[in-house]
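>>> I'll drop the sequence and a predicted model, then ask my questions.
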Amino acid sequence: MAKSQTARSIVDSALNLPSQKRNAFVEDACEGDTHLKQDVLVLLSQSDNQIPTDAAENAKSMIGEQVGPYKIEGIIGAGGMGMIHKAKDSRLDRYVALKCLPPHLTVNNQNRERFLNEAKAVSRLDHANICTLYDIGETDDKQLYIAMPFYDGYTLDKRMCNGPMPLDDTIAICLQISEGLHAAHNSGIVHRDIKPANVIVTSENVVKVLDFGVAKISGVNLTSTGVSLGTVAYMSPEQLCSEKIDARTDIWALGIMFYEMLVGERPYKGDQAPAIIHSVLYADRPNLSLPDHLPKALNLIIDKALARAVEDRYPSLIEFMADLRKISNNETIAPHSPKNDDRAFDPNAPTKETIVYFEQRTIDDLTKELTKHVGPMAPVLISKAIKISTSMEELCLKLDEHLPSDGVRQQIRQRFATSTSSSNMTAEQPTATRLTLTETQLQCVSSVTTSFIGPIGKLLVNRYSKKSQSADELCQLLAEHVDDVADRTKLVSKIKECF
C-alpha cells in the first residue's frame, strides 16, 4: 500500500477513537516509522482543526448513516460551511468529501434558491486546479448537502506551519493556485476567501483550490462578529471596507500567501481581527523586503500584488503568473509604477461625500407600500436605493424599475417623492467644532457598533468620531454600514443611549 494511503488509513481509524486514545494508537500503527508518523499527525491535526467538541460528537454520531446515495464512513474536518465527512458513493463506488450544510444557510426559500444558483455556477468550473462539486442533494429532513472529490493530501496551512518554504516549491504552488483562480475569473466567479486552509496539495503534488463560492454563499464578511482570524488575515482593503470586489481581490489574498510562504509570517500582523484590519487599512505599510538569499525581483511582485489601491495591482493573474515564471527563468521584471500613493488611509482626512438621512417612519411606510407590489424583496430594494439617493424624490425614481405599472409608480411618487423627511449633511466642514467623546462614551459606541457590524466597527467609530460634529452625524455615518433598515434604526437608538 502506498505511504499516503497507509497514512490516510491510520488517520481514518484514529478519528473513530476517543481523542485520549489516538496517540497510543498512532504509535502502534506506525511501527516506528517516524516519517509515516509525521504524515499521520499532520493529517490528524488537519482533521481535528477548529472542530468544536459538540460539533465533533455530532459528526461522529453520523458515521454509518446514509445521506442520499452516500454512506458516511469518517470525519475529514471542519470547513467553511460546516462539518466535512468522508463518505462512499454507492452508485459509482468512490469516496467523496460530503458537507451537510448548516440550517441557517437555507432557512428560507430565498436563501435556498441563492445557494442553489451559486452552487450551479461553481459546479460548472472544470479545471485541474479546482475542487469542483460532484453533486448536491437534500436529506429527508430538508437539509442540503454537497459532494466533492475526496483527496489524499494536506491543506497548505499545515505545510506552512513548518516555516518558510523553498522558492521553487512556493512558485510551483502559486502557479497552480493562479491557474485555477484564473479559470474561475474567466467564468465570472471570484473566490473571495483565498487562504492556505482553502488549498490542498494532493499526494501527487497537484494543487486544488477548495470552497469556491462558499464565501458568497455563506456571507463571509465583516458583519459577522465571529469571522475567523484566518479569513480576515487575507482580506483585501476593499473587502474590509465592504466595497466592490473583482479578480484583483483574490490577487491580494494570493499575494499575502506568497509572502507568507517565502518568509514564514504574514506581512500584516495582529493577534485579533481588529488589529489586522487596522494594520491593513490604517497603519503605515510594513517593510515587506524579503530575506537576502531570495531574488530582489520578488519584492516587485509582492509590491504589485499587495498594492492598497485596486487599480495598482496586477490587472489579472496572467501578468502575475508571467512574473513568477520570469523569476524561475532569471529574467528581468519591469518595475512597479503605482498610480496612487500607497500610504495608509487617513482616518482624519475630510471627505466631500454627502450623507443623507431618511426619516425611519417614512421608510417604514414606503416599505409597507412597496411590499404590496414586489413582495418580500421590498426592504432589500429600498436599502440599496437609499445608498445612492440624495432625496426622497430620487429614492422613488430608483425604485421605479421594480414597480409593475405606471399607475403604481405615479401613486408612490405622489405619496412619498414630495416628502421632506430627508436631510443632507456634508462630512467636510473643517471650520466646525468636532465631536468630543469621553473614553466611556467611545467604548460604549464601539461596543454597540461592533455588535451590529463586526470587528471593523471599532475602527469605523475611531475614524468617524474624529470627523463628526455631533452625535447625530456619528450615528448616521455608522448606520451607512448596516444594510437592513430595521437594524439601522436599532443601531442608532442604542448608540444614542451611550451619550
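Yep, that arrived. These numbers come from a predicted model, not from an experiment. Numbers count the residues shown, from 1 in each chain.

>>> low-confidence ranges in the stretch 101-250 of the chain?
For the stretch 101-250 of the chain, the stretches with pLDDT under 70 are 103-108, 213-230.

>>> Spell out the residue ranges of the helices in it.
For the stretch 101-250 of the chain, the helices defined by DSSP state H, counting those that start in this stretch cover 109-123, 156-160, 167-186, 214-218, 229-232, 237-240, 247-263.

>>> could you dump those to TSV with mean neighbour count and distance to residue 102?
(Each C-beta comes from the backbone N, C-alpha and C, glycine too.) Output for those, formatted as TSV (neighbours: other CB atoms under 10 Å; distance: least, CB to CB, whole Å):
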stretch	mean neighbour count	distance to residue 102
helix 109-123	15	11
helix 156-160	19	22
helix 167-186	20	24
helix 214-218	22	8
helix 229-232	19	16
helix 237-240	20	22
helix 247-263	24	24
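
>>> out of the ones you listed, nearest to residue 369?
Closest approach to residue 369 among the helices of the stretch 101-250 of the chain (CB to CB): helix 109-123, 20.7 Å.

>>> which secondary structure elements does the closest one contact?
strand 135-138, strand 144-149, helix 214-218 (3 or more CB pairs under 8 Å, 6 or more residues apart in numbering; DSSP states H and E).

>>> Tell me the secondary structure at residue 75.
strand (DSSP: H, G, I helix; E, B strand; the rest coil).

>>> That one - how many residues pack around it?
23 (other CB atoms under 10 Å).

>>> ok, it touching residue 98?
No: contact criterion CB atoms under 8 Å: residue 75 and residue 98 do not qualify, at 10.4 Å.

>>> what do those two both touch?
84, 85, 86 (CB atoms under 8 Å, 6 or more residues apart in numbering).

>>> Could I get the contacting residues of the residue lying closest to the first one once chain neighbours are set aside?
By that I understand residue 84. Excluding the flanking residues, the one nearest residue 84 by CB to CB, 6 or more residues apart in numbering is residue 76, at 4.3 Å. By CB under 8 Å, 6+ apart, the residues touching residue 76 are 47, 84, 85, 86, 97, 150.

>>> Residue 207 now?
When contacts are counted by CB under 8 Å, 6+ apart, residue 207 touches 129, 173, 176, 177, 180, 199, 200, 201.

>>> list the contacts for residue 418?
392, 393 are the contacts of residue 418 under CB under 8 Å, 6+ apart.

>>> how much space between it and residue 151?
The gap separating residue 418 from residue 151 is 62 Å, by CB to CB, to the nearest Å.

>>> what number of residues lie near residue 415?
14.

>>> meant to ask about residue 438
Neighbours of residue 438 using other CB under 10 Å come to 10.

>>> and what of the one 3 residues further on?
Neighbour count for residue 441, taken as other CB under 10 Å: 16.

>>> show me the contacts for it.
So residue 441 contacts 498, 499 (CB under 8 Å, 6+ apart).

>>> and what of the one 5 residues further on?
Residue 446 makes contacts with 457, 458, 461, 462, as judged by CB under 8 Å, 6+ apart.

>>> check contacts around the first one.
What it means is residue 457. 446, 449, 450, 451, 478, 481.

>>> do the same with the second one
Neighbouring residues of residue 458 by CB under 8 Å, 6+ apart: 274, 446, 449, 450.

>>> Mark which of those residues are part of helices, please.
The helices, defined by DSSP state H, take in 274, 446, 449, 450 from the contacts of residue 458.
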